[in-house]
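Novice: Sequence first, then the predicted structure, then my questions.
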Amino acid sequence: TDDQRWDSLGHVGDARLRTPNLDALAADGVRFDNAFVTTAICAASRASILTGQYEGTHGFTFGTPPLADAHVAISYPTLLRDAGYRTGFVGKFGITTAKGATARMFDVFEPIGGPPAGTPGPDGVLRHRCDHTADRALAFLHGCSPDQPWCLSVSFHEPHADDNDPRQYVWPSAFDLLYEGVDFAPPATMDPAFFAALPEFLRTSESRVRFGWRFDEPAKYQRMVRGYHRLIAAVDANVGRLREARRRRGMTDDTVIVFTSDNGYFLGERGFADKWYAYEPSIRVPLLVVDPRAPRSRRGVRCAAMALNVALAPPLLAFAGLAAPPAQQGASLLPLLAGEQPAEWRRSFFYEHRFVHARIPRSEGLRTERFTYLRWIDRAPVVEELYAHVADFEQVHDLAGDPAHAAPLA
């Protein structure tokens, strides 16, 4: 999915959220409680998911040259296709590649864009983009043969806002009444006093501009947050369609399902909208993995170990019996899926956001099991922040100027 927070699923804590099919995935597999992206923007993160590489290695984000062929060559779809898999992609691609690159990665490549409710189906009736994406994914499944293994990547636009539409969140009409009467509590850090204490360059950033599009009035806040969750419910319903098609086609016993998002999302935290920065709502994502071959003891399991977007390509290759190439930088999640506790498993990760934009300040940082460190690299002198996110999950108290935390800051 696109822009989906880690806590936007019913099984994570808010039982009011209607995500029965994704909740069922969590019950059938392993749920990663500490899954993160290494860059919180769709272009760079999607390239990291494909290649298993950090943005600083693959070099792709908005405004850069296309993803280089050397990185396409070590992407999981290219390697699976070279190994004899039928590979497909349906939905929002979000990556620019050189001519011929997508044909190297995918046997079936169907990028889907356009307005959320404007794609005619086979009967001429307009289909919501979310439903249309699932329609094309189903068509891929129907074209699969029992004689050839396959890998399908389905990339829903939802719940990303339609930035140029004043409604922002445009859901299928079947969900018009969902969450009516439900009030979502604004986050504590949406308090104007908290926002007023932020540095001026953040108070005038694009995150604040988009906050004005979505969250700056109480009634608007409720309307927008309901819309955001309605779109997730629409994705959930289509995940159910895909799982049912898998069952009807006899694919249940040998098909691994991985569900995640390209980044998290601010729903008003810190007075912001969208993502981009190394705070928890922006970098933490859902991650569910269902392997039907796993023993029953590995069903409905929660894993606390860190899992990154760069760590998805290696296990996708390993499921097919392929070794990850040395150029991939993420460690395979297979030991964690098996219930092992590797002694050398990561306890921190490097965060970077290199996109050049007048109102999105560039940053980098380090997220450890205890601390979140970030620095705004274009400020002179560089501005640093430090949070002890275990004790201060909302990241209210910046410890960078606290003498008692000089050692961890250093």
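Specialist: Yep, that arrived. Numbers count the residues shown, from 1 in each chain.

Novice: switch to C-alpha atoms for all contacts and neighbour counts from now on
Specialist: Fine.

Novice: In terms of pLDDT, where does residue 257 sit?
Specialist: Residue 257 is assigned 97 on the pLDDT scale.

Novice: do the one 10 residues further on as well
Specialist: You'll see residue 267 listed with a pLDDT of 98.

Novice: and it, how many residues sit next to it?
Specialist: Residue 267 is flanked by 24 other residues according to other C-alpha atoms under 10 Å.

Novice: same thing with residue 263?
Specialist: For residue 263, using other C-alpha under 10 Å, the count is 30.

Novice: what residues are up against the nearest residue to residue 28 once chain neighbours are set aside?
Specialist: Spatial nearest neighbour of residue 28, excluding adjacent residues (C-alpha to C-alpha, 6 or more residues apart in numbering): residue 299 at 4.8 Å. The contact partners of residue 299, taken as C-alpha atoms under 8 Å, 6 or more residues apart in numbering, are 26-30.

Novice: Report the buried members of these.
Specialist: Applying 16 or more other C-alpha atoms under 10 Å to these, the neighbour count classes 26-30 as buried.

Novice: Tell me which entries of these lie within helices.
Specialist: 26-28 (DSSP state H).

Novice: on that earlier part again, against residue 29, how distant is the residue nearest to residue 28?
Specialist: Separation of residue 299 from residue 29 (C-alpha to C-alpha, to the nearest Å) stands at 5 Å.

Novice: which ones are touching residue 179?
Specialist: 226, 230.

Novice: Equivalent analysis for residue 383, please.
Specialist: 375-377.

Novice: tell me the phi and psi of it?
Specialist: phi -100, psi 130 (degrees, to the nearest 10).

Novice: Beta-bridge partners for it, please?
Specialist: Going by DSSP bridges, residue 383 is paired in beta bridges with residue 376.

Novice: now do residue 287
Specialist: residue 260.

Novice: my guess is it meets residue 260, correct?
Specialist: Yes: between residue 287 and residue 260 there is a contact under C-alpha atoms under 8 Å: 4.6 Å.

Novice: Now do residue 301, the pLDDT please.
Specialist: The score at residue 301 is 97. That number is its pLDDT.

Novice: Use 798 as the first number from now on
Specialist: Fine by me, first position is 798 from now on; the one you just mentioned is residue 1098.

Novice: surely it meets residue 1085?
Specialist: No: the pair residue 1098 and residue 1085 fails to qualify as a contact (C-alpha under 8 Å) at a distance of 10.0 Å.

Novice: the more surrounded of those two?
Specialist: Comparing residue 1098 with residue 1085 by other C-alpha under 10 Å, the one with more neighbours is residue 1085, at 23 against 18.

Novice: so what's that one up against?
Specialist: 822-823, 826-829, 1054-1057.

Novice: Mind putting the residues you listed into JSON lines with distance to residue 1068?
Specialist: JSON lines is the format used below for these (distance: C-alpha to C-alpha, whole Å):
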{"residue": "822", "distance to residue 1068": "33"}
{"residue": "823", "distance to residue 1068": "31"}
{"residue": "826", "distance to residue 1068": "35"}
{"residue": "827", "distance to residue 1068": "33"}
{"residue": "828", "distance to residue 1068": "29"}
{"residue": "829", "distance to residue 1068": "28"}
{"residue": "1054", "distance to residue 1068": "35"}
{"residue": "1055", "distance to residue 1068": "32"}
{"residue": "1056", "distance to residue 1068": "29"}
{"residue": "1057", "distance to residue 1068": "25"}
